[in-house]
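# Fold the stuff below for me.
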Amino acid sequence: MGTAEPISPRNPRVAAARRLARRNFRGKERRFLAEGPQAVREAIAHSTTLIELFTTLDAAERHSDIVTAAESAGVPVHLASDATMADISQTVTPQGLIGVCHFLDSPFAEILARNPRLVAVLAHVRDPGNAGTVLRCADAAGADAVVLTDASVDLYNPKSVRASVGSLFHLPVAVGVPVERAVAGLRESGVRVLAADGAGERDLDAELDDGAMGGRTAWIFGNEAWGLPEETRALADAVVRVPIHGKAESLNLATAAAVCLYASARAQRAAGGCRSVTSS
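I've put the predicted structure just below:
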């Protein structure tokens, strides 16, 4: 390991890492914290993203493969006491591994140039846990990109990073894009834009049965409490609701996003779109 003795809590490297808990410092330094073995492992695999790694002795022993991989990549590894790690960490029970990483968001124009088939657009999403979970859902569904509008939460909020469970490192993400620009750019590049809303005039099942979802698609997901404002709904090609077949009042944001993204993923992978096989 980089140091035989635990790094001092007064070391400038510790102070610099601790400051990344604050958004203004993250933006200034263009760095963020990735906590836990899964996030750090993915950061190492993401080429030059990981800048340095802090680890407790216990975590270094339990995750020796991660520490070895970091050292092999030329990443400085600092042994830290439990108290120092708790000081840097943003969790109640730190997992003993904290990586300092470069920002890795992509320009929106670069995402469009890749002709994405499936995109998640987070408009007015303010809860960091939800943002990270939707990013994870998009990754699992095979989406090509995620776009966070300028009215949404900071992608690098520690809660967002943790909730993504490493998916932040898997697919391109654009940040700070005005929703009008996001929709216009996607539509100009040949992507059909759907707004997910419980009051939508179109039903997700009907969209699937009609074979309307096999093409390139972007889903707009709105705020957790009040959904999408009317002006954002008006930008979409269609406003689609997830049908509620039981007695639940609604679905939470991440669950609805998972349903919509997987519906698109299935339709795009089916020859001629996904059509009902029960109708006579």
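
# going forward, measure contacts between C-alpha atoms and count neighbours the same way
Will do.

# Kindly state the beta-bridge partners for the residue lying closest to residue 238 once chain neighbours are set aside.
Distances taken as C-alpha to C-alpha, 6 or more residues apart in numbering put residue 194 closest to residue 238, at 5.2 Å, once the chain neighbours are dropped. Residues in a beta bridge with residue 194, per DSSP bridges, are residue 219, residue 238.

# what's the closest non-adjacent residue to residue 35?
residue 98 (4.5 Å).

# and the one you found, that's in a strand?
Yes - using DSSP: H, G, I helix; E, B strand; the rest coil, the assignment for residue 98 is a strand.

# Thought residue 32 was touching it, still the case?
No - at 10.2 Å, residue 98 does not count as touching residue 32 under the criterion of C-alpha atoms under 8 Å.

# The two: which has the busier surroundings?
Comparing residue 98 with residue 32 by other C-alpha atoms under 10 Å, the one with more neighbours is residue 32, at 28 against 24.

# Which parts of the stretch 151-280 of the chain are strands?
Counting by DSSP state E, counting those that start in this stretch, the stretch 151-280 of the chain has strands at residues 173-177, 192-196, 202-203, 217-221, 238-241.

# now the fourth one and strand 192-196, what's the angle there?
With axes from the mean of the first three to the mean of the last three C-alpha atoms, to 10 degrees defining the directions, strand 217-221 sits at 30 degrees from strand 192-196.

# What helices and strands are in contact with strand 217-221?
Helices and strands touching strand 217-221, by 3 or more C-alpha pairs under 8 Å, 6 or more residues apart in numbering; DSSP states H and E, are strand 118-122, strand 192-196, helix 253-269.

# Tell me which residues touch residue 195, please.
The contact partners of residue 195, by C-alpha atoms under 8 Å, 6 or more residues apart in numbering, come to 219-221, 233, 236-240.

# before we move on, what about residue 134?
Contact analysis of residue 134 by C-alpha under 8 Å, 6+ apart lists 164, 253-254, 257-258.

# cool, residue 14 as well?
By C-alpha under 8 Å, 6+ apart, the neighbours of residue 14 are 8, 84, 88.

# Check the secondary structure at it for me.
Following three-state DSSP, residue 14 is assigned to helix.

# Can you pull out the low-pLDDT segments for this protein?
Applying pLDDT under 70 to the chain flags residues 1-4, 271-280.

# Grab the most central residue of it for me.
residue 135 (3.0 Å; C-alpha atoms, centre = their mean).

# so the residue lying closest to residue 70 once chain neighbours are set aside, which of the three states?
Among residues not flanking residue 70 along the chain, residue 44 sits closest, at 6.4 Å (C-alpha to C-alpha, 6+ apart). Secondary structure assignment for residue 44 (three-state DSSP): helix.

# Verify the contact between residue 44 and residue 53 for me.
No - between residue 44 and residue 53 there is no contact under C-alpha under 8 Å: 10.0 Å.

# want to try JSON lines for the strands of the stretch 151-280 of the chain, with distance to residue 38 as columns?
Formatted as JSON lines, the strands of the stretch 151-280 of the chain follow (distance: least, C-alpha to C-alpha, whole Å):
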{"stretch": "strand 173-177", "distance to residue 38": "19"}
{"stretch": "strand 192-196", "distance to residue 38": "30"}
{"stretch": "strand 202-203", "distance to residue 38": "37"}
{"stretch": "strand 217-221", "distance to residue 38": "26"}
{"stretch": "strand 238-241", "distance to residue 38": "34"}
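
# To residue 144, which of those lies closest?
Closest to residue 144 of the strands of the stretch 151-280 of the chain is strand 173-177 (C-alpha to C-alpha; 9.2 Å).

# ok and the closest one relative to strand 118-122, angle-wise?
Using the same axes, to 10 degrees: strand 173-177 against strand 118-122 is 40 degrees.
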